[in-house]
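S.K.: Provide a 3D model corresponding to the input given below.
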Amino acid sequence: MITNTYSFCYFLILFIFFHITGIEYTALAGTKPRDITEDYASGGVNIRLRNEYWNTFTKKAVSNDKDYNIFLIRARGFIDLNWDNIGVHLMGQGVKAFDLPENGASGPGSIYFNASDTGTDPGNFQIVEAFLNLKNLNGFYFKGGRIPIKEGAEVLYKDSPKMNWIIKNRLSERLVGDFEWTDLGRRYDGLNAGYNNEMFDVDLFGAYPTYGAFDIDDGYWNDLDRVFVAGATFTLKKDTLIRDTQIKFFDYFYFDDRESAKTIAGDDLEINTIGASLVGVYRAGPGEFDLLLWVGYQFGNFGPLDQNAFAFIAEAGYQFKEIAWKPWLRSGIAYASGDDDPDDGDYGTFFNYLPTNHKYYGYVDANAFSNLIDLYFQFLLSPHSRLNFAVDGHWFWLVSDKEFQIGGSGAFNDNIFGYVYRRPAEGNNIDRNIGGELDLTAVLKVLDYLDLQLGYSHFFGIKGIEVIFDGKDQLD
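M.R.: Residues are numbered from 1 along each chain as shown. Here you go, the predicted structure:
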């Protein structure tokens, strides 16, 4: 029945939309959550259709497909039951991929294929979320079951949409996130609790991540029960200490004793990250100035080595609010340390945990937040309330030429570590200069519940990519 439904949806989509190649195409359609009964129940549906065309990096003397086209479908349905102090939330999804490459050179097509029992058209139905939510308990709250976790987005504001945008799109999920860009996403089986008032918020969580992300066959039906993540945050809300400024302190812990992790590290991983962030939005002249600062220090164990790593992020932007199209220019730098001495007892490479990296280090997802310097800019335009354009540019370096270039977004099944350490081809040494990336996107809200997204990305590989992918160092 599910297979027939997928086939029907696919051919219906092809009938309605032209098959697009050479660009990335996304359609989102959802129903407005509506009252099922007058007092306590609501529900909705969200459908995401995406076509991706890839022309990828390649290596010499390796026979594989550098060009491929994949089509992804994700349909979700949810229901919420809410009373004064208690809520119940359920969400399921059907996912389907078409035309995964059997021998893809690189990129997500080959990852989906290898993670999904080497099937070219895998599909599945999964329970994405199922949790009990206790709220309005004199400031205390509790959530337990299969939950989403987007660290950094614990506090949002009804009166500051721009600060919310920065928190959601530039701060949250740097280390622990739902990885929604992939066909499946990622969730967590565990608990989230805290206390909230007008001045501050205290948030705690502990959970096992689910399978998911690229593993269509097993995603969400299994827990990564040998991976555990926990965290605590203390947020001083905007205007509490500094006007129009939010300050957050955090401590996150990651544990991993899968065999795939031990193969990489030599033993299990037990890594703590402590740090702080600041987000501010300030009126200045004819527009608004925004600021984001983030800093983290890691300690613990990376296998038999002592983890001793550091990372920081600094971004600033200015939007002209009174000019046509409301141009918004932002720029920043992200730094994640790399190990500069493989022979000492310390491991100096910052470890990226379970993030949603797609938002941050280039849309082709070539880099993780490890051994990386990313100098970047964003240029955003809003010619209409229903139309937005964005240009994102990056230039990448490795921090250390004693550590590999690293890609990935964390664990998604037991067999694959979740990060790839890209070794230079035989006869080559690591080179710090990776190259640049340019991302162009347009989002059109056709109807209130129908969005279309169109995007193109190009990665300009130079010496640091050439020594790894010695066949082709450019990617589209």
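S.K.: mind listing the helices in the stretch 351-476 of the chain by residue range?
M.R.: Along the stretch 351-476 of the chain, counting by DSSP state H, counting those that start in this stretch, helices occupy 463-466.
S.K.: Show the low-confidence segments of it, by residue range.
M.R.: Across the stretch 351-476 of the chain, nothing is flagged by pLDDT under 70.
S.K.: from memory residue 440 sits against residue 457, does it?
M.R.: Yes: counting by C-beta atoms under 8 Å, residue 457 is a contact partner of residue 440 at 7.4 Å. Where C-beta positions appear, they are placed from N, C-alpha and C, glycine not excepted.
S.K.: Between those two, which has more neighbouring residues?
M.R.: The neighbour comparison of residue 440 against residue 457 (other C-beta atoms under 10 Å) goes to residue 457, with 20 against 17.
S.K.: which residues touch that one?
M.R.: Residue 457 sits next to 24, 362, 363, 364, 437, 438, 439, 440, 475, 476 when contact means C-beta atoms under 8 Å, 6 or more residues apart in numbering.
S.K.: Recalculate using a threshold of 6 Å.
M.R.: Listed by C-beta atoms under 6 Å, 6 or more residues apart in numbering, the contact partners of residue 457 are 363, 364, 439.
S.K.: show me what contacts the nearest residue to residue 173 once chain neighbours are set aside?
M.R.: Nearest residue to residue 173, sequence neighbours excluded (C-beta to C-beta, 6 or more residues apart in numbering): residue 356, at 3.9 Å. Residues in contact with residue 356, defined by C-beta under 6 Å, 6+ apart, are 173, 177, 179.
S.K.: can you do 7 Å?
M.R.: Residue 356 makes contacts with 173, 177, 178, 179, 180, 181, 409, as judged by C-beta atoms under 7 Å, 6 or more residues apart in numbering.
S.K.: just the helices in this protein please.
M.R.: For the chain, applying DSSP state H gives helices covering 2-16, 108-115, 161-166, 259-265, 463-466.
S.K.: among those helices, which gets the worst mean confidence?
M.R.: Across the helices of the chain, helix 2-16 has the smallest mean pLDDT, namely a mean of 39.
S.K.: next one: stretch 65-76 to chain centre, how far?
M.R.: 18 Å (C-alpha atoms, centre = their mean, to the nearest Å).
S.K.: Now that stretch: buried residues?
M.R.: By 16 or more other C-beta atoms under 10 Å, the buried positions in stretch 65-76 come out as 65, 66, 68, 69, 70, 71, 72, 73, 74, 75, 76.
S.K.: Ok, stretch 201-218 next?
M.R.: Across stretch 201-218, burial judged by 16+ other C-beta under 10 Å covers 201-203, 205-207, 209-216, 218.
S.K.: Same check on stretch 78-89?
M.R.: Applying 16+ other C-beta under 10 Å to stretch 78-89 flags 78, 80, 81, 87, 88, 89 as buried.
S.K.: Between its first and last residues, how far does that stretch reach?
M.R.: Criterion C-alpha to C-alpha, to the nearest Å; first-to-last residue distance in stretch 78-89 is 7 Å.
S.K.: Alright, that wraps it up for me.
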